[in-house]
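Asks: Have a look; sequence and predicted model below, questions after that.
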Amino acid sequence: MNRTQPITLLVCALGGEGGGVLTEWLVDTARHAGYAAQSTSIPGVAQRTGATTYYIEVFPVPLAELGGRRPVFSLSPVPGALDAIVSSELLETTRQVGNGMSAPQRTLVITSSGRTLTTAERMQPGDGRADAQRLLDVVKAFSREHHVFDMGTAAREAGTVVSAVMLGAIAGSGLFPFPREAYEQVVRGGDTSAPEKLNKMAAASLRGFAKAFDIVGMPRAQAALVTRLLSSGGDEAPVQPTLSAELARAFPPPVHDMLALGHARLVDYQDDAYAGLYLERLQQVLAAERAPDPAGANGFAVTREMARWLALWMAFDDIVRVAELKSRASRTQRVRNEVKAGEDDIVKVYDHFKPGAPEFAALLPASLAHRVAAWDRRRKTPFALPLKVGSHSVAGMASLRVLASLRWLRKRGSRFAEEQALIERWLAAVVQGTRTDWRLGHEIALCGRLIKGYGSTNERGKRNLLHVIDHLAVAPLPDGSPAARAAAIAAAREAALADEAGTALDATLVRHGAPPRPVIAQPIRWMKRPPAATP
């Protein structure tokens, strides 16, 4: 959270849905919680010709901490500078997105999936309704995070109006720094009675609030749990690792959450020195992003994306990592919980491994690794060693722990050096692209999404990424402008993610003047960098 700028919210509601009441609830909640807030509204032309919009700003620092100073608020929303949009009608949500209000890297969008048809839709002789799926696609494409559910149905089931449901959705999203109790107290009107003793209107509003709070809040809580587990390799850990004061000063606030997760992951994966290399690489990206955008008008999105994808690539999976994760105490407890085993129950766990020559060669120096790889290529069938390890037994767990203890050997292995070389090529492209044009650097950074999985899937992702960099970001193109390159890279990335076979990617490459990917039989680890193609 940026503690120097207000949190901005745009609410869109149709006539009779209680948008004004919702705005009053939000402002009262903020003020009772000790925060400065302001709201303005722009009425629609009629019941359905246009929605009434309400604009709310809340300063994220309590008044008690401002030392007598007061924040300065805006009277109207600024396109692309909204933290959240909440709307009770799907087409109205899309209308605001079309007006440029939602920024893909910044804006949270919460919308109802329900439709109230416009006059133009009703006038058509046939089915004049707008395609709901296309509307949803627009919302997804132009939002940082989105939650879509039928607010009208939720309100009817609770016996209340849509404004109470929208309030619950806002509270569940965690947009404002207020506890749930603060919202509920305002809905109660200060009445501290038990739910069954409240007047019918307040009780119904609280039911609608709770229903929407759970709809929006539960997926976020589950996502936070997954992030927590993944960032720690399976062990329970704090929801958000903390940054040292030195790192917090070195990087802007929009990057802090991803930076903390990435740094903690790499310390857990290897050691402090390896996490330090991660920070050095991010500093290069940050310096490149600050060159054209010192104030961070784009929320330092390039550095933030690199903090995410760089950490994932640097913590690549190998047999040492697999053995380490499978031998953790938290994993054993999780398995017992999943099978609902009691304290006196005996649970036997058998882990199946099938490491091949590349996995063994990865931990060897380059000269030996090449010999192992050449030997494996000469075989009619690739070498693989099927293993069945009973991790519940002393011998099985001891073998896993011995393998996990080889972490020190990782840095001396051939794969580590090769992965670092590939990472540096990607990093250099991001830095150069960002200095040339912010959007170009951002699109190249997002290509980190291509690196996923292990084995052939991982190798294919790296080949795709390097081909995109070499032939769309660097090589001459019919239209070599930064904007055209950024659009081509974005299209190629989405094609690669949509089609595992790569047919769509090759077609996209050719369409933008780049050659299709070559057919490669050997892994990328032994490839030399291809020359830049000419049109």
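Replies: Received the coordinates, thanks. Residues are numbered from 1 along each chain as shown.

Asks: Surely residue 55 is in a strand?
Replies: Yes: assessed by DSSP: H, G, I helix; E, B strand; the rest coil, residue 55 belongs to a strand.

Asks: Next one: it from residue 169, what distance?
Replies: Counting by CB to CB, to the nearest Å, the separation of residue 55 from residue 169 is 17 Å. C-beta here means a position set from N, CA and C on the backbone, and glycine is covered the same way.

Asks: Looking at those two, which is more packed in?
Replies: Ranked by neighbour count (other CB atoms under 10 Å), residue 55 and residue 169 place residue 169 first, with 28 against 21.

Asks: Name the nearest residue to the more buried one, ignoring sequence neighbours.
Replies: Leaving aside its sequence neighbours, residue 169 sits nearest to residue 212 (CB to CB, 6 or more residues apart in numbering; 4.3 Å).

Asks: Surely the one you found touches residue 162?
Replies: No: with contacts counted by CB atoms under 8 Å, residue 212 stays clear of residue 162, the gap being 9.5 Å.

Asks: shared neighbours of those two, anything?
Replies: residue 151 (CB atoms under 8 Å, 6 or more residues apart in numbering).

Asks: So which of the two has more stuff around it?
Replies: Using other CB under 10 Å, the more surrounded residue of residue 212 and residue 162 is residue 212, with 28 against 25.

Asks: So what does that one have for phi and psi?
Replies: With angles defined as degrees, to the nearest 10, residue 212 sits at phi -70, psi -40.

Asks: any idea how far it is from residue 187?
Replies: Computed with CB to CB, the distance linking residue 212 and residue 187 is 12 Å.

Asks: How about residue 14?
Replies: 21 Å.

Asks: do residue 64 as well
Replies: 25 Å.

Asks: So for these two, which residue has more residues nearby?
Replies: residue 187 (25 against 8).

Asks: and that one, what element?
Replies: Secondary structure from DSSP states H and E places residue 187 in helix 180-188.

Asks: buried ones in that helix?
Replies: 182-188 (16 or more other CB atoms under 10 Å).

Asks: now do stretch 393-401
Replies: So for stretch 393-401, counting by 16+ other CB under 10 Å, buried means 396-397, 399-400.

Asks: Repeat that for stretch 361-381.
Replies: 361-364, 369, 372-373, 376.

Asks: Determine which two of those are furthest apart.
Replies: The span of the buried residues of stretch 361-381, defined through CB to CB, is set by 363 and 376 at 14.9 Å.

Asks: How about the contacts made by residue 152?
Replies: Neighbours of residue 152 in contact, by CB under 8 Å, 6+ apart: 88, 112, 114, 162.

Asks: Over to residue 79?
Replies: Residue 79 touches 99-101, counting by CB under 8 Å, 6+ apart.

Asks: Within the helices and strands, which one has residue 109?
Replies: Assigned by DSSP H and E, residue 109 belongs to strand 108-112.

Asks: helix or strand right after that strand?
Replies: Counting by DSSP H and E, what follows strand 108-112 is helix 119-123.

Asks: report the angle between the axes of the following helix or strand past that next one and strand 108-112?
Replies: Counting by DSSP H and E, the next helix or strand C-terminal to helix 119-123 is helix 132-141. Helix 132-141 and strand 108-112 are oriented at 160 degrees to each other (axes from the mean of the first three to the mean of the last three CA atoms, to 10 degrees).

Asks: Which elements pack onto helix 132-141?
Replies: Under the contact definition 3 or more CB pairs under 8 Å, 6 or more residues apart in numbering; DSSP states H and E, helix 132-141 sits against helix 90-98, strand 145-149.

Asks: Test my guess that residue 298 contacts residue 81.
Replies: No: using CB under 8 Å as the test, residue 298 is too far from residue 81 to be in contact (10.9 Å).

Asks: higher neighbour count, the two?
Replies: Neighbour count, other CB under 10 Å: between residue 298 and residue 81, residue 298 has more, with 20 against 16.

Asks: I'd guess that one is in a strand, am I close?
Replies: No: using three-state DSSP, the secondary structure at residue 298 is coil, not a strand.

Asks: List the contacts of it.
Replies: Listed by CB under 8 Å, 6+ apart, the contact partners of residue 298 are 105, 438, 442.

Asks: Filter those residues down to the buried ones.
Replies: The buried subset of those (16+ other CB under 10 Å) comprises 105, 438, 442.

Asks: With secondary structure and distance to residue 391 as extra columns, can I get those in TSV?
Replies: Putting the buried ones among the contacts of residue 298 into TSV (DSSP: H, G, I helix; E, B strand; the rest coil; distance: CB to CB, whole Å) gives the following:
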residue	secondary structure	distance to residue 391
105	coil	42
438	helix	48
442	helix	43
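
Asks: from the residues you listed, which is closest to residue 450?
Replies: residue 442 (15.0 Å).

Asks: Quick check, the closest one in contact with residue 303.
Replies: No: the pair residue 442 / residue 303 is not scored as a contact, 10.0 Å apart, by CB under 8 Å.

Asks: what separates the nearest residue in space to residue 84 that is not next to it in sequence from residue 182, distance-wise?
Replies: Once flanking residues are discounted, residue 84 sits nearest to residue 108: 4.3 Å by CB to CB, 6+ apart. Separation of residue 108 from residue 182 (CB to CB) stands at 19 Å.

Asks: Likewise for residue 359?
Replies: For residue 359 relative to residue 182 (CB to CB), the value is 53 Å.

Asks: Ok, residue 326 next?
Replies: Applying CB to CB to residue 326 and residue 182 gives a distance of 44 Å.

Asks: now do residue 386
Replies: 58 Å.

Asks: got it, and residue 410?
Replies: Distance, residue 410 to residue 182, using CB to CB: 49 Å.
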